[in-house]
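**Q** with the sequence up front, the predicted model follows.
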Protein chains: 2
Amino acid sequence: MALTQLTVVDTAVEILQQFGLADLSMRRLAKELDVQVGALYWHVKNKQELLAAVAAKLLNTPELAVRAEDFATPADAVLQLARKLYLALLPIQDSPEVIEVASAMQAGQLQPVLQLRSLLQDAGLSEEQSRFGQQLLLNHVLGSVAYRQNLVQLDVDSSESDGFDWGLQRAVAGLAG
Amino acid sequence: MALTQLTVVDTAVEILQQFGLADLSMRRLAKELDVQVGALYWHVKNKQELLAAVAAKLLNTPELAVRAEDFATPADAVLQLARKLYLALLPIQDSPEVIEVASAMQAGQLQPVLQLRSLLQDAGLSEEQSRFGQQLLLNHVLGSVAYRQNLVQLDVDSSESDGFDWGLQRAVAGLAG
DNA sequence: ACCTGAACACCGTTCAAGT
DNA sequence: ACCTGAACACCGTTCAAGT
C-alpha cells in the first residue's frame, strides 16, 4: 500500500472505527502504515486537517442521503435523515468530536448537513432560518450520540432511551410549525 | 495557599478560564500550585474527575438560576435560563467539552440542568419527557457554544449570528406545543 | 519528491521513598 | 497524611539529512 493522502485518511478512519479517537494518534497511524511519523506530514498538513478529512469520509456516503420524493413532506425527510445520521455515528467512538472539528473548518463540505439544510428550505424556511434549523438538528444528533457514548464508556446501564427521537420530533415540529 | 481539593479545583478553573482546556494539564496545574505532579493525585482521583468538579464549579452558581415567579409562563423561564447558560459558557474556552464530561459522569449534579428539567415539568411535560427535553436544550446550548468558539479559534469572521436564540425559541415552541 | 532519524517540548499516571 | 523524585509509556510537530 503506497503512502498517499488517501491511504493515510483511510487508515485513520479504520483506527477511529475500531479503537476510537484516543488511539488515533499520528504515531499509531504511522506504525499501522509502516512509516516514520514525519512521513505523514508530507501527505497531511496536521492532525486537525486529517480529522476533517476523516469526518468527510465518514459522512459523504450515499447511505447518508435521503430521496426527498420518498416522503410525504419535507419534514418527514428531515426526520429520516437525522435518524440515519444518528444511527451511523452511534457505533463510531467519539464521532461527534470529529464531526464538530470538520463542520467548523469546512462548513459546507459535509453532504448530509447540506441536505438537512436544503430540506428545511423545502419545508418553507428562509435561507438563514434553514441554516439555523440545521444547527439545531445537528446539535441534537451530535449531542445525543455523545451522551450515549459517554454512558457506555463509563459503563452506566444505558438500556434506557436517550430520548433522541422524541426530542428530534419536537424540534422538527417547532421548526416546521 | 495550602494544597487541598478546593485549591486544586479552583486553580484548574482559573487556568481553564484564562487559557482554555489545552493548557489545563496536570503538569501545568502542578506548576501553578508549586508542587510536583504526583502531589495532585492525593487530592483528585484523575483528570476526568477534576474536570467534572470544574464543571460543577462553573455551573453551580446562583447567577445561573432563574426565579420561576418572574416569568409569565414556565416556557419563558426555560428560554431565559438557556440564554443565561449560553452567555455564561461562551467566554470560557472549551466549556462544552468540560460540561459534557460532567453531565455524563454525574448526571444529576449540575443545578442549571436540573432546573431546566423541572421547569419543563412545570410546563406540563411528563418526567420522562422533561428529561428528553432537557437533553434537547442542553445539546443546543453546548453545540452552539462549541460552534461559535470553533469559529473564533479558526479566526473566521464570526460577526454573523449562530442562530442560537432562533433555534432555542423553535425548540421550546416544539416542546411546549 | 518523498522518507528517515532524531530531536523538541510536551502529556497522564504510578509509586517507592522521604517527612 | 501528604509530598518529592523519578520513572513509564505516551503525545504533535519540525527538520536536517538521505535517496
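**A** Perfect, thanks for sending it. These numbers were taken from a predicted model, which means no experiment stands behind them.
**Q** whichever strand or helix holds A:Leu81 near chain B anywhere?
**A** Element membership of A:Leu81, judged by DSSP states H and E, is helix A:74-89. No - judged by CB under 8 Å from any CB of the partner chain, helix A:74-89 stays clear of chain B, getting no closer than 11.5 Å. Using the backbone N, CA and C atoms, a C-beta is placed for each residue, glycine as well.
**Q** quick one: A:Gly177 from B:Gly174, how far?
**A** Separation of A:Gly177 from B:Gly174 (CB to CB, to the nearest Å) stands at 7 Å.
**Q** ok, these two, which is more surrounded?
**A** B:Gly174 (22 against 10; other CB atoms under 10 Å in any protein chain shown).
**Q** helix, strand, or coil at the more buried one?
**A** Classification of B:Gly174 by DSSP: H, G, I helix; E, B strand; the rest coil places it in helix.
**Q** so what pLDDT did it get?
**A** Here the pLDDT value assigned to B:Gly174 is 98.
**Q** excluding chain neighbours, what is closest to it?
**A** A:Gly174 (2.6 Å; CB to CB, 6 or more residues apart in numbering or on different chains).
**Q** for A:Arg170, same thing?
**A** B:Gly174 (4.0 Å).
**Q** now swap in A:Gln80 and tell me
**A** That would be A:Val66: by CB to CB, 6+ apart, it lies 5.4 Å from A:Gln80.
**Q** tell me the spacing between that neighbour and B:Tyr86.
**A** A:Val66 is 31 Å from B:Tyr86, by CB to CB.
**Q** gap between the two ends of stretch A:150-162?
**A** 12 Å (CA to CA, to the nearest Å).
**Q** contacts only, for the most centrally placed residue in chain A.
**A** Taking CA atoms, centre = their mean, the centroid of chain A lies closest to A:Ile99, which sits 4.5 Å from it. The contact partners of A:Ile99, by CB atoms under 8 Å, 6 or more residues apart in numbering or on different chains, come to A:55, A:58-59, A:89, A:110, A:142.
**Q** low-confidence regions, chain A specifically.
**A** By pLDDT under 70, the low-scoring segments of chain A are A:1, A:155-159.
**Q** tell me which parts of it are close to DNA strand C?
**A** A:2-3, A:34-39, A:42-43 (CB under 7 Å from any atom of the strand).
**Q** give me the buried entries from those residues.
**A** A:3, A:43 (16 or more other CB atoms under 10 Å in any protein chain shown).
**Q** tell me which helix or strand the closest residue to DNA strand C within chain A sits in.
**A** Residue nearest to DNA strand C within chain A: A:Gly38 (2.8 Å; CB to the nearest atom of the strand). Assigned by DSSP H and E, A:Gly38 falls within helix A:37-40.
**Q** cool, A:Val8 as well?
**A** Using DSSP H and E, A:Val8 falls in helix A:5-19.
**Q** and that helix, what's buried?
**A** Within helix A:5-19, the residues that count as buried by 16+ other CB under 10 Å are A:8-9, A:11-13, A:15-16.
**Q** what of stretch A:16-32?
**A** A:16, A:21, A:24, A:26, A:28-30.
**Q** what's the answer for stretch A:105-120, then?
**A** Quick answer for stretch A:105-120 (16+ other CB under 10 Å): A:105, A:109-110, A:112-117, A:119-120.
**Q** helix or strand for A:Arg131, which one?
**A** helix A:127-153.
**Q** and the closest residue to A:Ala173 other than its chain neighbours, how far is that from A:Ala56?
**A** Of all residues not flanking A:Ala173 in the chain, B:Gly174 sits nearest, at 4.5 Å (CB to CB, 6+ apart). Distance, B:Gly174 to A:Ala56, by CB to CB: 30 Å.
**Q** the helix holding A:Arg131: how far from the chain's middle?
**A** Taking the mean of its C-alpha atoms, helix A:127-153 sits 10 Å from the chain's own mean (CA atoms, centre = their mean, to the nearest Å).
**Q** could you do stretch A:32-40 as well?
**A** That offset, for stretch A:32-40, works out to 26 Å (CA atoms, centre = their mean).
**Q** also stretch A:98-106?
**A** 9 Å.
**Q** that stretch near DNA strand D at all?
**A** No - interface with DNA strand D: stretch A:98-106 contributes nothing (CB under 7 Å from any atom of the strand), its closest point being 11.9 Å away.
**Q** just want the angle from whichever strand or helix holds A:Ser103 to helix B:127-153.
**A** Using DSSP H and E, A:Ser103 sits in helix A:95-105. Relative orientation of helix A:95-105 and helix B:127-153, computed by axes from the mean of the first three to the mean of the last three CA atoms, to 10 degrees: 40 degrees.
**Q** next SSE after helix A:95-105?
**A** As assigned by DSSP H and E, the chain's next helix or strand after helix A:95-105 is helix A:111-122.
**Q** any residue of that next one up close to chain B?
**A** No - using CB under 8 Å from any CB, helix A:111-122 stays clear of chain B, with a minimum separation of 10.8 Å.
**Q** tell me what angle that helix forms with helix A:95-105.
**A** 70 degrees.
**Q** residues in contact with helix A:111-122?
**A** A:59-60, A:64-66, A:68, A:74, A:77-78, A:81-82, A:84-85, A:103, A:108, A:127, A:129-131, A:133-134, A:137-138, A:175.
**Q** need phi/psi at A:Ile92.
**A** Dihedral pair for A:Ile92: phi -100, psi 110, per degrees, to the nearest 10.
**Q** I'd say it and A:Gln17 touch.
**A** Yes - with contacts counted by CB atoms under 8 Å, A:Ile92 reaches A:Gln17, the gap being 5.6 Å.
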